[in-house]
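Student: Predicted model and sequence below, questions to follow.
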Amino acid sequence: MIHIRKADKRGHFDHGWLDTYHTFSFGDYYDPAHMGFRSLRVINDDRVQPGQGFGMHGHRDMEIITYVLDGELQHKDSMGNGSILRPGELQHMSAGTGVRHSEFNPSDREGVHLYQIWLLPERKGLEPSYEQKAFADEERQGIFRLVASPTGEEGSLTIRQDARLYLSTLRAGEVVMHVLKPGRHAWLQVLRGQTSLNGKLLAAGDGAAVSDEARLEIMGQDDAEVMLFDLA
C-alpha cells in the first residue's frame with residue numbers, strides 16, 4: 001500500500017527570509033490527517049535567503065537530522081559545537097533533555113536549500129549529542145547509501161530510534177531496490193528530479209508512505225535524488 005503526498009499539497013509559508021514547505025503539521029500549519037508517519041514527525045523543505053537563518057532556540061526529546069542540498073548552513077549549539085554544513089553532509093542532533101541551537105546561512109550572496117527532519121526518540125530524557133558526516137557523491141550514485149541508523153553501522157550517523165535512513169542519486173533509467181522486512185514501513189522523499197516508486201511517478205518534493213509492501217523499486221526518470229526511511 002502506497003500513499004503519495006504531493007509536493008503542492010504540503011503546508012507552505014513564504015516569510016521572505018524563509019520559503020518553507022511542511023510535509024507534516026508544524027508550527028502554524030496544522031492538518032490532523034498529516035501529523036507524521038510512524039516515528040517520523042517533521043519533514044521540512046526549507047530555502048533560506050542569504051544572511052538569514054533560525055536564531056538560537058530550544059528543543060527537547062527529538063532526533064533532528066538536517067541535510068543540505070545547495071549552499072551552506074552554519075550551526076551553533078549550547079553543547080559548544082560550531083560547524084558549516086555543505087551539500088552531501090548530514091547533521092544529527094539528539095535534543096534529549098534539552099539543547100539550544102541556531103542554523104544560519106553565512107553567505108551574503110547565495111541561498112541555502114535544506115531538509116530538516118525530526119524523528120521521535122526511542123525514549124525521553126536522553127543525553128543531548130551532536131554529529132556531522134559527509135557522504136561523497138560516488139557513495140550514493142545508483143545505490144542506497146545508509147546514512148543514519150540506530151547502530152551507526154557502515155559509517156552512518158547514530159540515531160536513537162528504530163529507523164534507518166538512506167540516500168541515493170539516480171540517472172534516468174537507473175534503478176535501486178529496497179526490501180522491507182515483515183512489519184516494517186517506509187517513507188520515500190524525492191529531493192530532486194523525478195522518479196517512480198513501484199510504477200508510481202513522483203516529482204521533487206513528493207513523498208510516499210509505504211506499508212504492506214515487501215519490495216520497493218525506485219527508478220530515476222531524470223537526474224534525481226531520493227531519501228528513504230525504513231521505519232518500525
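Tutor: Sure, I can see it. Residues are numbered from 1 along each chain as shown.
Student: so where is the protein shaky, pLDDT-wise?
Tutor: Applying pLDDT under 70 to the chain flags no residue at all.
Student: which SSE is the residue nearest in space to the middle of it in?
Tutor: For the chain, the residue whose C-alpha lies nearest the mean C-alpha position (C-alpha atoms, centre = their mean) is residue 117; its distance is 4.5 Å. Assessed by DSSP states H and E, residue 117 sits inside strand 112-119.
Student: That strand pairs with which strands, parallel or anti?
Tutor: Sheet pairing of strand 112-119 (DSSP bridges) gives strand 40-48 (antiparallel), strand 63-70 (antiparallel).
Student: Kindly export that strand (C-alpha atoms) in CSV.
Tutor: Only the C-alpha atoms of strand 112-119 are listed here, as CSV (Å, rounded to 0.1, in the frame of the first residue of the first chain):
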residue,chain,number,x,y,z
VAL,A,112,20.7,27.6,1.1
HIS,A,113,18.3,24.7,0.4
LEU,A,114,17.9,22.2,3.1
TYR,A,115,15.7,19.5,4.5
GLN,A,116,15.1,19.3,8.3
ILE,A,117,13.7,16.1,9.6
TRP,A,118,12.5,15.2,13.1
LEU,A,119,12.0,11.7,14.5
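Student: Give the buried residues for the helix or strand following it.
Tutor: Going down the chain from strand 112-119, the next helix or strand is strand 129-134, by DSSP H and E. For strand 129-134, burial by neighbour count (16 or more other C-beta atoms under 10 Å) applies to 129-130, 132. C-beta coordinates here come from the backbone N, C-alpha and C atoms, glycine included.
Student: quick one: strand 129-134 to chain centroid distance?
Tutor: 14 Å (C-alpha atoms, centre = their mean, to the nearest Å).
Student: any idea which helix or strand comes after that strand?
Tutor: helix 137-140.
Student: list the helices and strands that next one packs on?
Tutor: Applying 3 or more C-beta pairs under 8 Å, 6 or more residues apart in numbering; DSSP states H and E, one finds that helix 137-140 contacts strand 163-170.
Student: Output the contacting helices and strands for the strand it packs on.
Tutor: With contacts defined as 3+ C-beta pairs under 8 Å, 6+ apart, strand 163-170 has these neighbours: helix 137-140, strand 145-149, strand 175-179, strand 215-220, strand 224-231.
Student: Just checking: what are the partner strands of the third one?
Tutor: This points to strand 175-179. With DSSP bridges as the test, strand 175-179 is paired with strand 215-220 (antiparallel).
Student: ok, now the longest one?
Tutor: Sheet neighbours of strand 224-231, with direction, are listed as strand 163-170 (antiparallel), strand 185-192 (antiparallel) (DSSP bridges).
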